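>>> any chance you could fold what I've pasted below:
(one chain, ligands or ions: 2)
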Amino acid sequence: MGYTEVYNAAKADPEAFWLEQAKAIDWVEPPTQALFDRGQDLYEWYADARVNGCYNAVDRHVEQGRADQVAIIHDSPITGTKQEITFAELQTRVSRLAGALVAQGVETGDRVIIYMPMVPEAVEAMLACARIGAVHSVVFGGFAAHELAVRIDDCTPKAIIAASCGMEPNRVVHYKPLLDGAIEMAAHKPDACIILQRAQAPCDLIEGRDVEWHAAMAAGTPADCVPVAGNHPAYILYTSGTTGAPKGVVRHTAGHLVALNWTMKNVYNVDPGDVFWAASDVGWVVGHSYIAYGPLIHGNTTVVFEGKPVGTPDAGTFWRVISEHNVRSFFTAPTAIRAVKREDPKGLEAAKYDLSCLRALYLAGERADPDTIIWAQDVLGKPVYDHWWQTETGYTIVGNPAGLEALPVKVGSPTVPMPGYDVHILDEAGHEVSRGTLGAIAIKLPLPPGTLPTLWNAEDRFRKGYLTTFPGYYETGDAGLIDEDGYLYIMARTDDVINVAGHRLSTGAMEEVLAGHPDVAECAVVGVNDPLKGQAPVGFVCLTKGVNRPHADIAAECVARVRDQIGPVAAFKLTLVVDRLPKTRSGKILRATMVKLADNEEFKLPATIDDPAILDEIKEALQTIGYAKG
Ligand code: COA
Ligand code: AMP
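Ligands and ions are numbered 1, 2, ... in the order given. A predicted model of the protein is given here:
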């Protein structure tokens, strides 16, 4: 069957299609039904099944002939180390860590926060939670203590698993002070912290609360897989929304097993035994789905890479890893390829390596600009597939089903909807627009298995954020169009979310931090074009009357505040002190107009603008940092 037949089959009889796909998973009790309609636009998948995620990712491969196959390759140019872990070894390591969690009092349904760098133990921590039915919530290492504290209070973990440090090219990131600071800030306190001491920077432990990794394992006995219901939450992953409070995307166990397994062959075109590599971080959804769960569930070898596209040690790192570990399919963010291209525009590094093992490059996380796609196609001589998805969905909404039927690539489009996704372009009133017309991208409910059923402890926010604008549809927050051939084009976000180096960030969250500065009366943060990172945040601040301290000092303090409260990952480096912000007569800040001005895009002066002269002041300020030159 080709793409169209499969897509249509899933649409015509979703129940039969998804029960068929479910056969690839090993169940304790198989589902008797695929979709469960819970009413009022809420849905669940495979809710009456019983299953264990870790069993499907690890144990079943040991039992079914892959015991000696490498499950995880850790390649860390940043520490100069490499390690291979077979499925049999992974089973031992994970069951011991799961036993350590049990010994610390963690039970099925308890939350466990994981705050780890790119080491195999991060994936093992996720699997150990899945093994005993604990719900993990991984927090990206580039977030500051305050962000970690917010997540601790929202998901109230029984335990936290962390490492003593992470390694960035220019510095060691000491995680322990961040962890201690976060626990101090949070109202909720975990009972225990299991700490992996890394040789690069071991840390002090707090007696009575912290347990060293190996000591924790010695204190427990290896734990078996605990069967959980199909709709048991596998994890919570926080992502940025419009406000400073992150949204806890919930992932149910059974749906994500079935859906991720389906994508490994049909999207990424790998067979069990092949090496698959997603160069992302376990803190992001790409890391959850395609460093940890997807490849392991499908019996692939996964690569855990601790390094950067450039500078660890050079722009050939990606190509070295692919060649050395025989990577079949490679997945990264466009920004990473742009970083490589900037250092090695002629692709001389790629030419040094035998890349015959590689079938294709997959890009996601932000818009893949045509220059980057074409450069990568030329340098690698392989197909480059853009695909579009979100933390909320957990896997491809729109992509090229290369393992099912490789469709012609149209540069600039991530191609076509995957089975189960009924994608529509709607106008503001919720009416379908004609082909080629820009509108809000919405997906007709129900979403397919593996996608978010709700937000953690926030069903109202889930409804308001996703289900209310277009009744009967999931609102993606992206705008785009569908062309005559049914190819989708993603053009922009419709909310205040920006995308910096493939990282999803909330300008609202940054504004909340700036507004907390004692000298700041009013502020706005917008995302402007950045040639490397796609977008870069710029803050505009108006000072409280009577403040006459040097503007440069205040701007530097604003930058430091965002780094301190959100984290270095916000890449917030630019603050402009201005007298006034452009607003509508009703007082709404014209952020979109400011972005267009910065990026030299044409714009119509909003009819409701209060004082157009303010735009000249904004333009002048932007010019001091190299924007609004047109
Ligand atoms: N822990 C602690 N700090 C981290 C971190 C982590 N896990 N990851 C990033 N940071 C820090 C960086 O050190 C940097 O700090 P600095 O301001 O002191 O330099 C800051 O956060 C911004 O990091 P980043 O956005 O990664 O920028 P960069 O200039 O270091 O590197 C790229 C630029 C393009 C090489 C890099 O962004 C990259 O590899 N991007 C790919 C992104 C990706 O894979 N996204 C996943 C979605 S699919
Ligand atoms: P995240 O939840 O971090 O994966 O970010 C999801 C958002 O990133 C989407 O809503 C889009 O705005 C953007 N995005 C992800 N993939 C793509 C893509 N292939 N093309 C354009 N934008 C993308």
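>>> up against ligand 2, what does the chain have?
239, 285, 364-368, 386-391, 414, 477-478, 490, 493, 499, 504 (Cβ under 6 Å from any ligand atom). Every C-beta, even on glycine, is put in place using the N, C-alpha and C of the backbone.
>>> how about stretch 233-251 and ligand 1, touching?
No: if you take Cβ under 6 Å from any ligand atom as the test, stretch 233-251 misses ligand 1, and the best it gets is 11.6 Å.
>>> can you give me the end-to-end distance of that stretch?
5 Å (Cα to Cα, to the nearest Å).
>>> centre of the chain to that stretch, how far?
Remark: stretch 233-251 is offset 10 Å from the chain centroid, using Cα atoms, centre = their mean, to the nearest Å.
>>> tell me where the stretch 351-500 of the chain has helices.
Using DSSP state H, counting those that start in this stretch, the helices of the stretch 351-500 of the chain run over residues 370-380, 459-462.
>>> okay, those helices in a markdown table with distance to ligand 1 and mean pLDDT next?
Shown next, in a markdown table, are the helices of the stretch 351-500 of the chain (distance: least, Cβ to the nearest ligand atom, whole Å; pLDDT from 0 to 100):
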| stretch | distance to ligand 1 | mean pLDDT |
| --- | --- | --- |
| helix 370-380 | 12 | 97 |
| helix 459-462 | 23 | 96 |
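>>> please identify the deepest-packed of those helices.
helix 370-380 (a mean of 17; mean count of other Cβ atoms under 10 Å).
>>> show me what that helix is in contact with.
334, 337-338, 341, 345, 347, 350, 355, 358, 361, 363, 383-384, 386, 411-412 (Cβ atoms under 8 Å, 6 or more residues apart in numbering).
>>> distance of Ala613 from Asp579?
Counting by Cβ to Cβ, to the nearest Å, the separation of Ala613 from Asp579 is 11 Å.
>>> near ligand 1, which residues of the stretch 51-200 of the chain? Just list them.
So far as Cβ under 6 Å from any ligand atom goes, the stretch 51-200 of the chain lies against ligand 1 at 141-142, 166, 168, 173.
>>> mind giving me JSON lines with those residues and columns for pLDDT?
As requested, those are exported to JSON lines (pLDDT from 0 to 100):
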{"residue": "Gly141", "pLDDT": "93"}
{"residue": "Gly142", "pLDDT": "93"}
{"residue": "Gly166", "pLDDT": "97"}
{"residue": "Glu168", "pLDDT": "96"}
{"residue": "Val173", "pLDDT": "97"}
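>>> show me those that map onto strands.
Counting by DSSP state E, the part of these found in strands is 166, 168, 173.
>>> make a PyMOL selection of the buried ones in those.
Buried members of those, defined by 16 or more other Cβ atoms under 10 Å, are picked up in PyMOL with:
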select buried, resi 166+173
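>>> for the protein, identify the residue most remote from the centre.
Relative to the centre of the chain, the most outlying C-alpha is that of Gly546, 42.9 Å out, by Cα atoms, centre = their mean.
>>> now do the strands in the stretch 201-350 of the chain.
210-212, 228-229, 233-239, 247-252, 275-278, 301-305, 327-332 (DSSP state E, counting those that start in this stretch).
>>> what helices and strands are in contact with the second one?
Applying 3 or more Cβ pairs under 8 Å, 6 or more residues apart in numbering; DSSP states H and E, one finds that strand 228-229 makes contact with strand 50-51.
>>> remind me what the helix or strand just after the strand it packs on packs against, helices and strands.
Proceeding C-terminally, strand 50-51 gives way to helix 53-54 as the next helix or strand, assigned by DSSP states H and E. When contacts are defined as 3+ Cβ pairs under 8 Å, 6+ apart, helix 53-54 sits against helix 120-132, helix 253-266.
>>> Serialize the ones in strands among the residues of the stretch 51-200 of the chain next to ligand 1 to JSON lines and add fields for distance to Ile160.
Formatted as JSON lines, these follow (distance: Cβ to Cβ, whole Å):
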{"residue": "Gly166", "distance to Ile160": "15"}
{"residue": "Glu168", "distance to Ile160": "21"}
{"residue": "Val173", "distance to Ile160": "16"}
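>>> one step back: closest to Lys573 out of the helices of the stretch 351-500 of the chain?
Lys573 lies closest, by Cβ to Cβ, to one member of the helices of the stretch 351-500 of the chain: helix 370-380, at 22.7 Å.
>>> so the closest one versus strand 327-332, what angle?
160 degrees (axes from the mean of the first three to the mean of the last three Cα atoms, to 10 degrees).
>>> so which of the helices and strands packed on helix 53-54 comes closest to Val304?
The nearest among those, by Cβ to Cβ, is helix 120-132 at 5.4 Å.
>>> give me the mean pLDDT for the next helix or strand after that closest one.
Toward the C-terminal end, the helix or strand that comes next after helix 120-132 (DSSP H and E) is strand 135-138. Averaged over strand 135-138, pLDDT sits at 98.
>>> distance of Trp319 relative to Ala278?
Taking Cβ to Cβ, one finds Trp319 at 16 Å from Ala278.
>>> hmm, Arg96 and Met217 touching each other?
Yes: with contact defined as Cβ atoms under 8 Å, Met217 counts as touching Arg96 (4.5 Å).
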